[in-house]
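In: Have a look; sequence and predicted model below, questions after that.
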Amino acid sequence: MAKRISTVGILTSGGDAPGMNAAIRAVTRAAIYNGWKVKGIYRGYEGLINNEIKDLTTESVSSTIQRGGTILKTARSEEFMTEAGRTKAYENLVANGIDALIVIGGNGSLSGAQALAQEHDITCIGLPGTIDNDLYGTDSTIGYDTALNTIVECVDKIRDTATSHDRIFFIEVMGRDAGFLAQNSAIAAGAEAAIIPEDQTDIDQLEQFISRGVRKSKNSSIVIVAEATKDGVGGAMHYAERVRNEYPQYDVRVTILGHLQRGGKPSAFDRILASRLGTASIEALIEGQRNVMIGISNDQIVYVPFTKAIKKDKPIDKELINVLNVLSI
Ligand code: F6P
């Protein structure tokens, strides 16, 4: 029989993402609403191993819904990747009377939750928190919408210089191994092309872009490049270098947007998503769910087993690739 829950622990792990605070707030308040206690674990799994744990109250999460980053801080823990590290973490959960653990994070963080739940008697629930949007089973992850909007705002600004100087800009965006941010920001910013890891054909994506005759009708272009590389090759610098060597007639520049993509106030969309998922995580525990990620699909809350969510095979809709190709002529 499943253990009766009276205390939940919550942590954020991996890269911070806008909307994580809204999720912490939702989990905290929904748990308290249900009569449970909440313990905030600081610095992700690293803090769990080091017993950095404090009580959270309704007031602890006041005025946080609008803030970027994570009030619980975050880390990428090497020690938690070992069985010994996970055992220490489990012992601290027990010592603090935590009956269920809610993990807000991306692929690595949910893989960690899965390993912990497999090896020890602890219920884990995951909330998708990453700007990369690479978790299977949820249409959107917390932070993705905000990061997308940040990228589009930056690209709009770079466009002014691109058109004024008749330049080709290669703009590199985050996403780790996934191209969601690149593909969708390219559509939203009216870019001429996106180079993403999911569009793996034998045709060279740079050749494709150049051969579309982009320079015949336009004097400037923006190419959004996903940061992912294939066999160590890729990235905005790589493609810019190739254009410099193969098409020296073009004036090329590179912008790597970097960590500014992760910061800032969460969008209304991310705040609502985080609030819904956070509340649903407590409802899932009440229903007796364990070891699932809470996602949203077609605007409905769904429970996705960890094994599925972290498989790294969330596809990019081919229609999005087509839309960009058609509209960038
Ligand atoms: O997973 C979020 C993310 O921002 C990725 O897009 C990026 O590859 C990575 O984290 C960067 O990690 P760090 O902040 O540790 O450099």
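Out: That came through, no problem. Numbering: from 1, shown residues only.
In: Wasn't Lys39 part of a helix?
Out: No. Per DSSP: H, G, I helix; E, B strand; the rest coil, Lys39 lies outside any helix segment and is strand.
In: Now it: closest residue in space that isn't a chain neighbour?
Out: Among residues not flanking Lys39 along the chain, Gly9 sits closest, at 4.7 Å (Cβ to Cβ, 6 or more residues apart in numbering). All C-beta atoms are positioned from the backbone trio N, CA, C, and that covers glycine.
In: again with Ser6
Out: Nearest residue to Ser6, sequence neighbours excluded (Cβ to Cβ, 6+ apart): Trp36, at 5.7 Å.
In: Now name the helix or strand holding the residue nearest to Lys39.
Out: According to DSSP states H and E, Gly9 maps onto strand 7-12.
In: Mind exporting the C-alpha coordinates of the helix or strand just after that strand to PDB?
Out: Remark: after strand 7-12, the chain's next helix or strand is helix 20-33, criterion DSSP H and E. Presented in PDB, the C-alpha positions along helix 20-33 are these (Å, rounded to 0.1, in the frame of the first residue of the first chain):
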ATOM      1  CA  MET A  20      10.200  27.800 -11.900                       C
ATOM      2  CA  ASN A  21       9.200  30.200  -9.100                       C
ATOM      3  CA  ALA A  22       5.600  30.100 -10.200                       C
ATOM      4  CA  ALA A  23       5.800  26.300 -10.000                       C
ATOM      5  CA  ILE A  24       7.400  26.300  -6.600                       C
ATOM      6  CA  ARG A  25       4.600  28.700  -5.400                       C
ATOM      7  CA  ALA A  26       1.900  26.500  -6.900                       C
ATOM      8  CA  VAL A  27       3.300  23.300  -5.300                       C
ATOM      9  CA  THR A  28       3.700  25.000  -2.000                       C
ATOM     10  CA  ARG A  29       0.300  26.500  -1.800                       C
ATOM     11  CA  ALA A  30      -1.500  23.500  -3.200                       C
ATOM     12  CA  ALA A  31       0.200  21.200  -0.700                       C
ATOM     13  CA  ILE A  32      -0.600  23.600   2.200                       C
ATOM     14  CA  TYR A  33      -4.200  23.900   0.900                       C
END
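In: Okay, now the unreliable bits of the stretch 101-250 of the chain?
Out: 201-202, 213-217 (pLDDT under 70).
In: and the end-to-end length of stretch 219-237?
Out: End-to-end distance for stretch 219-237: 21 Å, by Cα to Cα, to the nearest Å.
In: re the thing from before, compute the inter-axis angle for the strand holding Gly9 and strand 37-41.
Out: 30 degrees (axes from the mean of the first three to the mean of the last three Cα atoms, to 10 degrees).
In: Residues in contact with strand 7-12: which ones?
Out: 20, 24, 27-28, 31, 36-42, 44-45, 47-48, 53, 56, 70, 72-74, 93, 96-105, 129, 282, 285 (Cβ atoms under 8 Å, 6 or more residues apart in numbering).
In: Please name the bridge partners of the residue nearest to Lys39.
Out: Lys39, Leu101 (DSSP bridges).
In: Can you get me a residue count around it?
Out: Taking other Cβ atoms under 10 Å as the criterion, the count of residues near Gly9 is 25.
In: For Glu227, see how far away it is.
Out: Applying Cβ to Cβ, to the nearest Å, the value for Gly9 to Glu227 is 32 Å.
In: Also Ile171?
Out: From Ile171 to Glu227 the distance is 11 Å (Cβ to Cβ).
In: out of those two, which sits in the more crowded spot?
Out: Ile171 (26 against 22).
In: Is the closest residue in space to the more buried one that isn't next to it in sequence in a helix, a strand, or coil?
Out: Closest residue in space to Ile171, ignoring its immediate chain neighbours: Thr255 at 4.9 Å, by Cβ to Cβ, 6+ apart. Judged by three-state DSSP, the three-state class of Thr255 is strand.
In: residues in contact with the closest residue to Asn219 other than its chain neighbours?
Out: Leaving aside its chain neighbours, Asn219 sits nearest to Asp166 (4.1 Å; criterion: Cβ to Cβ, 6+ apart). If a contact means Cβ under 8 Å, 6+ apart, then Asp166 has Asn219, Ser220, Asp251 as its contacts.
In: and the second one, how many neighbours does it have?
Out: For Ser220, the count of nearby residues is 20 (other Cβ under 10 Å).
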